[in-house]
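**Student:** Sequence and predicted structure below; questions after.
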Amino acid sequence: MSIHINAKPGDIAETILLPGDPLRAKYIAERFLEDASCYNEVRGMFGFTGTYKGHRISVQGTGMGVPSISIYVNELLREYGVKQLIRVGTCGGIQQDVKVRDVVMAMSATTDSSANQQLFPGFQFAPHADFDLLRRAYQVSQERRLSVKVGNILTADTFYRESMEPVKKLAEYGVLAVEMESSALYTLAARYKAKALSILTVSDHLFSGETDTTAEERQTTFNDMIEVALDAAIRTD
Ligand SMILES: O=P(O)(O)O[C@H]1O[C@H](CO)[C@@H](O)[C@H]1O
Ligand SMILES: O=c1cc[nH]c(=O)[nH]1
């Protein structure tokens, strides 16, 4: 049992999916896992373990932002021996060809979070995905003929901004989309020698005005992304 996760040793699988929204964790467990049981309800941040195609897999809500995901990922890595972590989240597109409902795979995560500035004073650490996990997820997505973009994303500390200028500048440098957790996931995975990847569905576009998806759609319509994450997680080639 850790401070924020009420699980016993062995309750959590070595492979885990990490949505920000705990209700999405429940949805994934109910829809995609067999024999799923809930191991955590602390703060309503649900965690479940079940099987997918015969492989033991867990799914844990992380909350929003770097401080929240850092709490869960620290405890999963340090206390429960998790080895492979796939964030399944939403993001806002910032490139013209990144459309609502596209899937973005975060090869790297630029950030304005102060967490890594405190960790590496004087350096700009480059948080990045595990290459094999990214390669497998991309292969699965191509076999399913999904529209996928792979590249750099922004992990932002703020959802609401006074100025869009810094985001526009990052878009000029090829950053694909904005979300709020991946840099922390990748940095912690590097620290604890685990494999991590963020797969994100585009829920809105910050510049084009493409219509936002509803909260209900965010929870229920991202099945392609979740199946890609699950199939990539169990793939060995
Ligand atoms: O859909 P999730 O995984 O929560 O991800 C995105 O949505 C939240 C903001 O609405 C932030 O957590 C952001 O990273
Ligand atoms: O962090 C996020 C997630 C989705 N859409 C955004 O604009 N930002």
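**Tutor:** That came through fine. Ligands and ions are numbered 1, 2, ... in the order given.
**Student:** can you confirm K169 is in a helix?
**Tutor:** Yes: counting by DSSP: H, G, I helix; E, B strand; the rest coil, one finds K169 located in a helix.
**Student:** Can you give me the pLDDT of it?
**Tutor:** Listed pLDDT for K169 reads 98.
**Student:** Tell me which residue in the protein sits closest to ligand 2.
**Tutor:** The minimum distance from the chain to ligand 2, using Cβ to the nearest ligand atom, falls at G92 (2.5 Å). Every C-beta, even on glycine, is put in place using the N, C-alpha and C of the backbone.
**Student:** Figure out the helix or strand that that residue lives in.
**Tutor:** Taking DSSP states H and E as the criterion, G92 maps to strand 84-93.
**Student:** Ligand 1 contacts on this structure?
**Tutor:** Within reach of ligand 1 by Cβ under 6 Å from any ligand atom, the chain has these residues: P19, G20, D21, M64, G89, T90, F159, E179, M180, E181.
**Student:** Counting neighbours, what do you get for the fifth one?
**Tutor:** Meaning G89. 27 (other Cβ atoms under 10 Å).
**Student:** ok, what's across the strand from it?
**Tutor:** L200 (DSSP bridges).
**Student:** my read: it touches P19, true?
**Tutor:** Yes: between G89 and P19 there is a contact under Cβ atoms under 8 Å: 6.3 Å.
**Student:** Contacts only, for the closest residue to Y80 other than its chain neighbours.
**Tutor:** Leaving aside its chain neighbours, Y80 sits nearest to I12 (4.4 Å; criterion: Cβ to Cβ, 6 or more residues apart in numbering). Taking Cβ atoms under 8 Å, 6 or more residues apart in numbering, we find I12 in contact with I5, Y39, G47, T49, S58, Q60, L76, Y80, G81, V82.
**Student:** Swap in 10 Å and give it another go.
**Tutor:** Listed by Cβ atoms under 10 Å, 6 or more residues apart in numbering, the contact set of I12 reads 5, 39-40, 47-49, 56-60, 75-76, 79-82.
**Student:** Out of these, which sit inside strands?
**Tutor:** Y39, N40, G47, F48, T49, R56, I57, S58, V59, Q60 (DSSP state E).
**Student:** can you tell me which residue is nearest the centre of this structure?
**Tutor:** The residue lying closest to the centre of the chain (Cα atoms, centre = their mean) is R87, at 2.1 Å.
**Student:** Disregarding flanking residues, what is the spatial nearest neighbour of that residue?
**Tutor:** The nearest residue in space to R87 (Cβ to Cβ, 6+ apart) is S198, at 4.1 Å.
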